[in-house]
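Participant: with the input below, show me the fold.
(chains A, B, C and D)
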There are 2 protein chains.
Amino acid sequence: MKASRAPSEPSDRRRDAERTRAEILAVATAEFADRGYDGARVDEIADRTRTTKRMIYYYFGGKKQLYVEALEQAYARIRAAEQQVSVDHLEPAAAIRRLAEVTFDHHEANPDFIRLVSIENIHRGEHIARLPDLIDLNTPAVRLLTDLLRRGQEQGVFRTDVDAVDVHLTISAFCFFRVANQYTFGTIFGRDLLDPDRREHYRTMLGDMVVAHLTAVG
Amino acid sequence: MKASRAPSEPSDRRRDAERTRAEILAVATAEFADRGYDGARVDEIADRTRTTKRMIYYYFGGKKQLYVEALEQAYARIRAAEQQVSVDHLEPAAAIRRLAEVTFDHHEANPDFIRLVSIENIHRGEHIARLPDLIDLNTPAVRLLTDLLRRGQEQGVFRTDVDAVDVHLTISAFCFFRVANQYTFGTIFGRDLLDPDRREHYRTMLGDMVVAHLTAVG
DNA sequence: CCACTAATGTACGAACCGGTACGTTAGTTA
DNA sequence: TAACTAACGTACCGGTTCGTACATTAGTGG
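Facilitator: Model (predicted):
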């Protein structure tokens, strides 16, 4: 945390631990997302930074620890972005729709995060399970949904047999699948799920679906 | 295809090309689903069969071709199972619900298939794209949905701004995510999506959601 | 400006892993 | 039963890849 305070912005390659560490982590995130844990190469990560492989072991200890930190940082970023969302001024149904759109946009804009999550699930979540900081039963999205569901239910417009996590699951599933499985789905059904011309259709459809479900009689 | 016709069922280790090949493929499918393409080990696959690594190269040519055949066979099996579904006797809404349930059950019962698809998407579908036999724009599920949507729309009970592939996407996304992302989702939100006690809830919820969406005013 | 440490670079080792050269055996057929 | 081939086994090679021993330099405090 010793801030670099050189005259007139140092801006480049002198010794800078923080910068080196951050650069390694950024490159590693891209590499792991690109090729998976086992497909990623430590030498490749090193080559893409302005430093050497030695520094990876100096700062992170090993390939696995590097992967875990990349995963942790990716989650932290998404969490931070979620925290920004505010829908207090909207009616429950409109607010749910808005939240679905934010999630939709988010997934589309962060394919590397999606890929890291897929990779982590292939490994059965063994690494994320050891990151207690990430276990947050009250994620911003879930907190918002809890409140919105309560409001809608009190107004008598929302069904009462689904909870916040269920709704979050529904929204996440749609947004995640659209990005994560774009390749196999696109190949088999001949439909590019990320075609910009269809983007608005799917964004609206998701909101329609979630709201239709919640407002249907339970 | 020369059927083994030995006296009183040979039942074991004599020379049997078909059997050896099939055994390798079965073991390989499990290994690739378990550890991913790069994580899978050819030696490990060989060790788990009653034959040797040499046979893998004799019958399949290499690790990649073995993976591709495992993927192809997995898709073929799912396709065959889909073909069995018949919902002609049901009203459109009930039929859609039934189809959703079949897909739900199917995904839950075949986690290895789910994992292979996830793995293939991490590889950006590069292998499946080279399997023209699998490119089927009219999958059994899509054919059924096309018919059901038409019937429902003619009866004036279904909205007209979604097509069969959209509905299939919705259903698949939910079923796939629930199995594929069970680990990270379960860890972060503290909810086991495959808990048998919640199974019926999610199975019903999916049908409710899809039907509510389709019957809502477009 | 000197000594000390954090940060960095180089070169290399050892295990792993996909793949293959080469030899052998079982079953078939003339 | 001899000859032939499909099926199978063994032993090994060569490149890859994670990791490290060791040397070096930049910056900092006294």
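
Participant: and the gap between residue A:129 and residue A:143?
Facilitator: Distance of residue A:129 to residue A:143, computed by CB to CB, to the nearest Å: 23 Å. Glycine gets a C-beta too; all of them are placed from N, C-alpha and C.

Participant: quick one: residue A:128 from residue B:171, how far?
Facilitator: Using CB to CB, we find residue A:128 at a distance of 27 Å from residue B:171.

Participant: no no, residue A:171
Facilitator: Using CB to CB, residue A:171 is found at 15 Å from residue B:171.

Participant: okay, helices next: where are they in chain A?
Facilitator: In chain A, the helices defined using DSSP state H lie at A:17-39, A:42-47, A:53-59, A:63-84, A:92-109, A:111-122, A:140-154, A:164-180, A:182-189, A:196-215.

Participant: could you tell me which residues of chain A lie near DNA strand D?
Facilitator: Residues of chain A found near DNA strand D (CB under 7 Å from any atom of the strand) are A:14-15, A:40-43, A:53-54, A:57, A:62-64.

Participant: now, the most widely separated pair of these?
Facilitator: A:14 and A:64 (30.4 Å; CB to CB).

Participant: where does chain A dip in pLDDT?
Facilitator: Along chain A, segments meeting pLDDT under 70 span A:1-15.

Participant: residue numbers of it in contact with DNA strand C?
Facilitator: Proximity of chain A to DNA strand C (CB under 7 Å from any atom of the strand) is limited to residues A:15-17, A:19-20, A:50-55, A:58.

Participant: let's see 6 Å
Facilitator: Listed as neighbours of DNA strand C in chain A under the rule CB under 6 Å from any atom of the strand: A:15-17, A:20, A:51-55, A:58.

Participant: related to what we said a few turns ago, a markdown table please, covering the helices of chain A and showing mean neighbour count and distance to residue B:138.
Facilitator: Formatted as a markdown table, the helices of chain A follow (neighbours: other CB atoms under 10 Å in any protein chain shown; distance: least, CB to CB, whole Å):
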| stretch | mean neighbour count | distance to residue B:138 |
| --- | --- | --- |
| helix A:17-39 | 19 | 32 |
| helix A:42-47 | 15 | 42 |
| helix A:53-59 | 16 | 49 |
| helix A:63-84 | 17 | 37 |
| helix A:92-109 | 19 | 28 |
| helix A:111-122 | 22 | 28 |
| helix A:140-154 | 18 | 37 |
| helix A:164-180 | 23 | 21 |
| helix A:182-189 | 21 | 9 |
| helix A:196-215 | 18 | 20 |
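
Participant: in TSV: those helices, plus distance to residue B:183.
Facilitator: Supplementary listing: these in TSV, determined by distance: least, CB to CB, whole Å:
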stretch	distance to residue B:183
helix A:17-39	14
helix A:42-47	25
helix A:53-59	26
helix A:63-84	12
helix A:92-109	18
helix A:111-122	5
helix A:140-154	18
helix A:164-180	14
helix A:182-189	20
helix A:196-215	24
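
Participant: using TSV, lay out those helices together with distance to chain B.
Facilitator: Shown next, in TSV, are these (distance: least, CB to the nearest CB, whole Å):
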stretch	distance to chain B
helix A:17-39	4
helix A:42-47	13
helix A:53-59	19
helix A:63-84	8
helix A:92-109	11
helix A:111-122	5
helix A:140-154	7
helix A:164-180	3
helix A:182-189	3
helix A:196-215	4
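
Participant: so which of the ones you listed comes closest to residue B:137?
Facilitator: Closest to residue B:137 of the helices of chain A, according to CB to CB: helix A:182-189, at 6.2 Å.

Participant: was I right to think residue A:96 contacts residue A:213?
Facilitator: No. Using CB atoms under 8 Å, residue A:96 is not in contact with residue A:213; the gap is 10.0 Å.

Participant: pull stretch A:131-140 out as PDB, backbone CA atoms only.
Facilitator: The C-alpha trace of stretch A:131-140 is given here as PDB (Å, rounded to 0.1, in the frame of the first residue of the first chain):
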ATOM      1  CA  LEU A 131     -13.100 -18.600   0.000                       C
ATOM      2  CA  PRO A 132     -15.400 -17.700   3.000                       C
ATOM      3  CA  ASP A 133     -15.400 -14.100   2.000                       C
ATOM      4  CA  LEU A 134     -17.500 -15.000  -1.100                       C
ATOM      5  CA  ILE A 135     -20.100 -16.900   0.700                       C
ATOM      6  CA  ASP A 136     -22.700 -14.200   1.000                       C
ATOM      7  CA  LEU A 137     -26.300 -15.400   1.500                       C
ATOM      8  CA  ASN A 138     -27.400 -11.800   1.100                       C
ATOM      9  CA  THR A 139     -26.000 -10.700  -2.200                       C
ATOM     10  CA  PRO A 140     -27.100  -7.300  -3.300                       C
END
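
Participant: and the contacts of it?
Facilitator: Residues outside stretch A:131-140 that contact it (CB atoms under 8 Å, 6 or more residues apart in numbering or on different chains) are A:68, A:71-72, A:75-76, A:79, A:82-83, A:85, A:128, A:168, B:187-190.
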